[in-house]
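S.K.: Predicted model follows, preceded by the sequence.
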Amino acid sequence: MQRLLFMLLAVTMLAPTVAVGETVPARKTRDDRAQVAKVLKLDRRLARQRGKQKGRMVGWPVPEDSLADPPARPSGDIHIYSINYKDEAQVNIYNPDGSYNIKALAELSHIFKCRRSGLEHDIDTRLLTILSHVYDHFGRRIELLSGYRFQRRTTSNHFHGAAADIRIAGIDPRKIRAFVETIDAGGVGVGYYPRVGFVHVDVREPPSYRWIDYSRSNPDSPGRMPPRGFHRRNPQS
């Protein structure tokens, strides 16, 4: 409620007074946009403080006018290591002609397979493109904590092969989060988990979204478990 009142007050303060006969500009002036950005930044900071104090998740949608321009295509190189299966892949997702390398995509789907069920799922190429940008920027192997999840909560982007929980040895997760935000041209979710030390990256329908989760991670929560009645045939896979 306090957050809503804060935003309404901010909007009221920013609303221009229009005299009779004047026309209202179609777009905000640069000063107005800067003021709105300042208000949103303060609101997010207050939300983070409340979330940290209460040990919970706080999140916010990303205004469209603060998104980045579409970045150039990455090299396609990805070096990723699954901490669950102790397996890794170092591939290029592109063929020389620019098309996707089907064999490389299949290899990455294998690395991303669900740690509980052992099942694989096609990984969204938009997500792999972001991971290639990350690898190009930091030049270090990406560690995958969670990729595809065959789980009960089907609204999760992990369930659709469109999310990855990642970290890079020797790199502050906040730097990974900040970099991914700089290449978000729309439809990207970025979450930071300070207690566990990883960054969640996903692709989704707009708007883009950001969050920080201060709670203790529970990888065995009911929503992350396989559907009831599922029995893994080969636990060693």
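M.R.: Received the coordinates, thanks.
S.K.: I'd say Phe230 and Cys114 touch.
M.R.: No - with contacts defined as CB atoms under 8 Å, Phe230 does not count as touching Cys114, sitting 10.4 Å away. For the C-beta atoms, the positions are set from N, CA and C on the backbone; glycine is no exception.
S.K.: intersection of neighbour lists for these two?
M.R.: When CB atoms under 8 Å, 6 or more residues apart in numbering defines a contact, the residues bordering Phe230 and Cys114 alike are Phe150.
S.K.: out of those two, which sits in the busier spot?
M.R.: Cys114 (22 against 13; other CB atoms under 10 Å).
S.K.: can you list the weak-confidence ranges in the chain?
M.R.: Segments of the chain classed as low confidence (criterion: pLDDT under 70) are 1-55, 217-226, 228-229, 231-237.
S.K.: Quick check: can you list the domain ranges of it?
M.R.: With automatic domain parsing as the criterion, the domains of the chain are listed as 2-54, 77-224.
S.K.: Find the nearest non-adjacent residue to Val188, please.
M.R.: Spatially, and ignoring its direct neighbours in sequence, Val188 is nearest to Ser208 (4.9 Å; CB to CB, 6 or more residues apart in numbering).
S.K.: For the nearest residue in space to Tyr148 that is not next to it in sequence, the count of nearby residues, please.
M.R.: Using CB to CB, 6+ apart and skipping the chain neighbours, the partner closest in space to Tyr148 is His121 (4.3 Å). Applying other CB under 10 Å, we find 18 residues neighbouring His121.
S.K.: what ranges do the helices span in the protein?
M.R.: Per DSSP state H, the chain has helices spanning 2-14, 30-54, 102-111, 125-138, 173-182. These are given in chain order.
S.K.: List the buried residues of the last one.
M.R.: This means helix 173-182. Within helix 173-182, the residues that qualify as buried by neighbour count (16 or more other CB atoms under 10 Å) are Pro173, Ile176, Arg177, Phe179, Val180, Glu181.
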